[in-house]
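Asks: okay, here's the prediction I keep looking at, along with the sequence it came from:
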Amino acid sequence: MSTDIPAALLKFAYWVPNVSGGLVTSTIEQRTDFGFEYNKELAVLAERSGFEYALSQVRYASSYGAAQQHDPAAFSLGLLLATERLKLIVAAHPGLWHPAILAKFGITADILSQGRFAVNIVSGWFKEEFTGLGEPWLEHDERYRRTEEFIRVLRGLWTQPNFELAGDFYRIRDFSLRPQPFEVPGRPHPEIFQGGNSSAARTLAGRVSDWYFSNGKDFDGFSEQVADVRAQAAAHGRTVRFGLNGFHIARDTEAEAKAVLKEIVDKADVDAVEGFRKSVQQAGKSTSDGKGMWADSEFADLVQYNDGFRTGLIGTPEQIAHRIIEYKKRGADLILLGFLHYLEDVEHFGTHVLPIVRELEADLDRTGDPIGATR
């Protein structure tokens with residue numbers, strides 16, 4: 001009898017469309033709405049379609065085609081109360097939140113949802129959001145130093161009474177939060193996600209984060225990030241799980257799917273994309289090693305923020321499922337998806353793509369198939 005333990009099943013998340021404009025900056029039709037009633041229907045559908053997580057976006061200023069924005073924390077709480085199993089990941093900026101206030105909000109949301117609250121700590125790329133609110137805009141690596149302290153405060157207040165931290169950015173003195181987060185077996189505290197491509201971001205993930213989110217990447221790019229972050233984590237006696245962003249376009253034929261991608265890019269809002277490129281590439285290239293997010297993104301990549309097209313989840317359901325499995329072999333624990341027409345595409349993914357993924361995962365457990373060329 002085999003004593004092998006099956007690998008954990010891949011988890012799937014979707015970007016919550018809580019800002020207007022959809023997930024691509026293009027005039028192509030997007031049957032997606034940023035309103036709460038639409039999102040409530042979507043969350044219930046996604047939960048039923050096999051999604052375990054949803055990530056609410058954080059925007060404070062109108063930018064990159066998102067003229068209207070709902071607060072991710074309040075919006076996520078509403079979605080938590082409308083669902084039964086879905087976990088909501090709230091994006092939050094250090095410098096605009098105090099970590100103890102977010103920790104307290106998170107405890108209440110976690111208790112109300114019986115353990116389904118999580119956070120994605122965003123170090124920040126949009127300078128005008130900070131300066132427009134009168135907050136200082138820190139140099140790139142300083143933003144990540146602040147984020148590390150922020151996460152340490154979150155974790156400390158969620159797990160320790162009389163917590164103390166004497167940092168450069170935050171000073172917590174003999175402080176306790178009561179009650180504590182909802183008790184979930186095997187979960188020491190609400191999950192902490194964090195992204196970024198730079199060396200500072202990778203080092204941060206290795207030291208303190210539970211999950212590392214990668215922008216859209218091809219196989220080699222994702223493998224390089226996983227190897228680096230794993231090494232950083234191992235040096236601190238830790239492990240980190242990995243999420244990968246991807247934009248999903250499934251059609252009956254590969255040619256049809258690629259035609260949709262071409263139409264998205266051909267109809268791009270050029271001014272909005274160029275404005276975004278100017279904002280984010282100065283942030284990415286300001287890193288000491290030039291590895292920052294979007295540092296090497298082309299115009300077409302930026303039509304879908306977070307480089308979702310690069311992951312290549314574009315084709316038939318079978319092609320997409322096989323490509324997802326190849327990313328699993330390279331270390332992906334979660335795939336974060338964006339869609340053009342959310343209600344239709346989320347349901348289609350659950351009906352036509354996810355069953356193939358699960359079949360391939362079962363085959364992978366049986367055969368231990370090595371990394372190879374995808375179909």
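Replies: Yep, it's here. Computed from a predicted model, the values in this text were never measured in an experiment.

Asks: now the helices: where do they sit in the protein?
Replies: 36-48, 72-82, 99-112, 127-132, 140-159, 199-208, 219-234, 254-266, 270-285, 299-302, 317-329, 342-348, 354-367 (DSSP state H).

Asks: got the angle for the second one vs helix 99-112?
Replies: If I follow you right, that is helix 72-82. In terms of direction (axes from the mean of the first three to the mean of the last three Cα atoms, to 10 degrees), helix 72-82 departs from helix 99-112 by 10 degrees.

Asks: buried sites along helix 72-82?
Replies: For helix 72-82, the neighbour count (16 or more other Cβ atoms under 10 Å) marks 72-73, 75-80, 82 as buried. Any C-beta I mention is one placed from the backbone N, CA and C, and that applies to glycine too.

Asks: thinking again about what came up before, nearest to Glu183, out of the helices of the chain?
Replies: Distance to Glu183, taken as Cβ to Cβ, is lowest for helix 99-112 among the helices of the chain, at 9.8 Å.

Asks: quick one: residues in contact with that closest one.
Replies: In this structure, residues lying in contact with helix 99-112 by Cβ atoms under 8 Å, 6 or more residues apart in numbering are 73, 76-77, 80-81, 88, 90, 92, 116-117, 119, 149-151, 153-154, 157-158, 170, 172, 175, 177, 179-182, 190.

Asks: returning to what we had before: any chance of the buried residues of helix 72-82 in JSON lines, with pLDDT and distance to Glu359 too?
Replies: What follows is the buried residues of helix 72-82, written out as JSON lines (pLDDT from 0 to 100; distance: Cβ to Cβ, whole Å):
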{"residue": "Pro72", "pLDDT": "97", "distance to Glu359": "35"}
{"residue": "Ala73", "pLDDT": "98", "distance to Glu359": "38"}
{"residue": "Phe75", "pLDDT": "98", "distance to Glu359": "35"}
{"residue": "Ser76", "pLDDT": "98", "distance to Glu359": "32"}
{"residue": "Leu77", "pLDDT": "98", "distance to Glu359": "36"}
{"residue": "Gly78", "pLDDT": "98", "distance to Glu359": "35"}
{"residue": "Leu79", "pLDDT": "98", "distance to Glu359": "30"}
{"residue": "Leu80", "pLDDT": "98", "distance to Glu359": "31"}
{"residue": "Ala82", "pLDDT": "98", "distance to Glu359": "31"}
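
Asks: dump those residues to JSON lines, plus distance to Leu354.
Replies: As requested, these are exported to JSON lines (distance: Cβ to Cβ, whole Å):
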{"residue": "Pro72", "distance to Leu354": "25"}
{"residue": "Ala73", "distance to Leu354": "29"}
{"residue": "Phe75", "distance to Leu354": "25"}
{"residue": "Ser76", "distance to Leu354": "23"}
{"residue": "Leu77", "distance to Leu354": "27"}
{"residue": "Gly78", "distance to Leu354": "26"}
{"residue": "Leu79", "distance to Leu354": "21"}
{"residue": "Leu80", "distance to Leu354": "23"}
{"residue": "Ala82", "distance to Leu354": "22"}
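
Asks: which of these sits closest to Ser56?
Replies: Nearest member of the buried residues of helix 72-82 to Ser56, counting by Cβ to Cβ, is Pro72, at 3.5 Å.

Asks: correct me, but that closest one touches Trp15?
Replies: No - counting by Cβ atoms under 8 Å, Pro72 does not reach Trp15; the two are 11.0 Å apart.

Asks: on that earlier part again, among the contacts of helix 99-112, which ones are buried?
Replies: Buried subset of these (neighbour count, 16+ other Cβ under 10 Å): 73, 76-77, 80, 88, 90, 92, 116-117, 119, 149-151, 153-154, 157-158, 170, 172, 175, 177, 180-182, 190.

Asks: what comes up buried for stretch 89-106?
Replies: Result for stretch 89-106 [16+ other Cβ under 10 Å]: buried residues 89-95, 97, 99-100, 102-103, 105-106.

Asks: which residues of this protein score low on pLDDT?
Replies: Residues of the chain that meet the criterion pLDDT under 70 lie in 1-6, 279-295, 372-375.

Asks: closest to Asn306 among the buried residues of stretch 89-106?
Replies: Once Cβ to Cβ is applied, the member of the buried residues of stretch 89-106 that ends up nearest Asn306 is Ala91, at 11.6 Å.

Asks: who's that closest one bridged to?
Replies: Asn120 (DSSP bridges).

Asks: now do the contacts for the nearest residue to Arg171 once chain neighbours are set aside.
Replies: Leaving aside its chain neighbours, Arg171 sits nearest to Leu165 (6.9 Å; criterion: Cβ to Cβ, 6 or more residues apart in numbering). Leu165 makes contact with 149, 152-153, 156, 171-172, according to Cβ under 8 Å, 6+ apart.

Asks: isn't Leu177 up against Gln160?
Replies: No - counting by Cβ under 8 Å, Gln160 is not a contact partner of Leu177; they are 9.6 Å apart.

Asks: coming back round to it: columns distance to Gly21 on top of the helices of the chain, output as CSV?
Replies: What follows is those, written out as CSV (distance: least, Cβ to Cβ, whole Å):
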stretch, distance to Gly21
helix 36-48, 14
helix 72-82, 16
helix 99-112, 26
helix 127-132, 17
helix 140-159, 26
helix 199-208, 26
helix 219-234, 27
helix 254-266, 13
helix 270-285, 8
helix 299-302, 14
helix 317-329, 24
helix 342-348, 13
helix 354-367, 27
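
Asks: go through the ones you listed and name the closest to Ala7.
Replies: Of all these, helix 354-367 sits nearest to Ala7, with 6.0 Å by Cβ to Cβ.

Asks: now do the closest one: which elements does it pack against?
Replies: On a contact count with 3 or more Cβ pairs under 8 Å, 6 or more residues apart in numbering; DSSP states H and E, helix 354-367 meets helix 317-329.
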